[in-house]
Structure formats: structure tokens, C-alpha cells
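Asks: compute the structure for the input listed below.
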Amino acid sequence: MKHTLAVLVLNKPGVLARISGLLSRRVFNIESITAGYTEEKDITRITLVINGDDRELDQVIKQLSKLIDVIKIKKLESPETIEREMALIKVKAHPARRSDIVDIVEIFRANIVDINRETMVIELTGDEEKINALCTVLEEHGIVEMVRTGKIAIGRGPGAVKYMPNGNSN
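Replies: Prediction:
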């Protein structure tokens, strides 16, 4: 089972490495890990997607909680969460088949961000299933290269939790 965690940490060098190292040493299966700035310049938000049962999730949370730079950990659950990934997909684009690719891109509400004589690069933002579906359709054209972000997620509605550097929330 997949679990999504939002982990707020102090924005310091090495924090992400300590977190990924801790999880790999404990042999937890990390499906994706993303990190980025928050509305507070000294705090980074790490989104972790962990594969495992509830016991393994509990262990991940306990281990992360021991790290001094971890401020807050929150499990994000559907349908109270908006989740997105982004993918850049380079496909073979022979001139005779380009219009087919353009039609596919429009159906998926994706964007063509680069084109040359031999390939097109398509950008798509959406949930994991949408990106997987586009990849399946594009396989017949020939996927040359692909890169995907990990999942990012945020809670729905106005009730945001404010995180304080001392670990307390209000």
C-alpha cells in the first residue's frame, strides 16, 4: 500500500541526505521523494511516498521523528489531498505521425515543449494514473526518454496547518 507523507524540515544542508539515508538503512521502500521551498524561507517540505503496510508506515514516522531537523510529519490521505506529478516525455515524431501525437497531447491536456526533425518533448502534469495512461498511448510512437517528478501533495480547503520552527503547530 502507498502512503504519502508531508515532512517539514529545517532548510539546512544535508537534511534530505540524512532522511533518505535513514530510510534506506532501515530498508523502507521509498517510491518517490521530492523536496522544495515552502512559504517560509527557512523550512523545506519533503513529500515522501512510501510502499508498505501500516506497521512499516508507523516505523517510518517514528524514525523520522527522531531526526532533530524534522519539524512536523503529516500523513496525507485522499480525498482530502490534491496530488500531482509532472513528466517530460520525448517521443519519436516522424513527420507523417506528428498530427497523431498532437491529437493525443490535446486529449490529455498536455503541452508540447520542444520539437525537432526526429522527436517531440511533451510535458504533462497530473496524477500518476493520467501520466501512466499517456505513456501507454505514446508507446506505439516510441518513447525515447522520459523523466518524472515524484508526487507533490497538499491538503484541500482553507484549514492550513501553520508550522513553527520549534516543532509546534497552531
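
Asks: switch to C-alpha atoms for all contacts and neighbour counts from now on
Replies: Will do.

Asks: just for the protein, where's the confidence low?
Replies: When residues are selected by pLDDT under 70, those of the chain lie in 159-170.

Asks: could you chop this protein up by domain?
Replies: Per the record's domain assignment (automatic domain parsing), the chain is made up of the domains 2-76, 82-152.

Asks: mind putting those in CSV, mean neighbour count and distance to residue 158 included?
Replies: Below are the domains of the chain laid out as CSV (neighbours: other CA atoms under 10 Å; distance: least, CA to CA, whole Å):
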stretch, mean neighbour count, distance to residue 158
domain 2-76, 16, 15
domain 82-152, 16, 13
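
Asks: list the contacts of the residue nearest to the spatial centre of the chain.
Replies: The C-alpha lying nearest the average C-alpha coordinate of the chain belongs to residue 151 (CA atoms, centre = their mean; 1.7 Å). In this structure, residue 151 makes contact with 32, 33, 34, 47, 48, 49, 83, 84, 85, judged by CA atoms under 8 Å, 6 or more residues apart in numbering.

Asks: parallel or antiparallel, list what pairs with the helix or strand where the first one lies.
Replies: Yep, that's residue 32 we're talking about. Of the helices and strands defined by DSSP states H and E, residue 32 is found in strand 29-37. Taking DSSP bridges as the criterion, strand 29-37 forms sheet pairs with strand 43-51 (antiparallel).

Asks: and the partner strand, how far out from the chain middle?
Replies: Relative to its parent chain, strand 43-51 has a centroid offset of 8 Å by CA atoms, centre = their mean, to the nearest Å.

Asks: 57 is where my numbering starts, stick with that
Replies: Yep, numbering from 57; the last one is strand 99-107 now.
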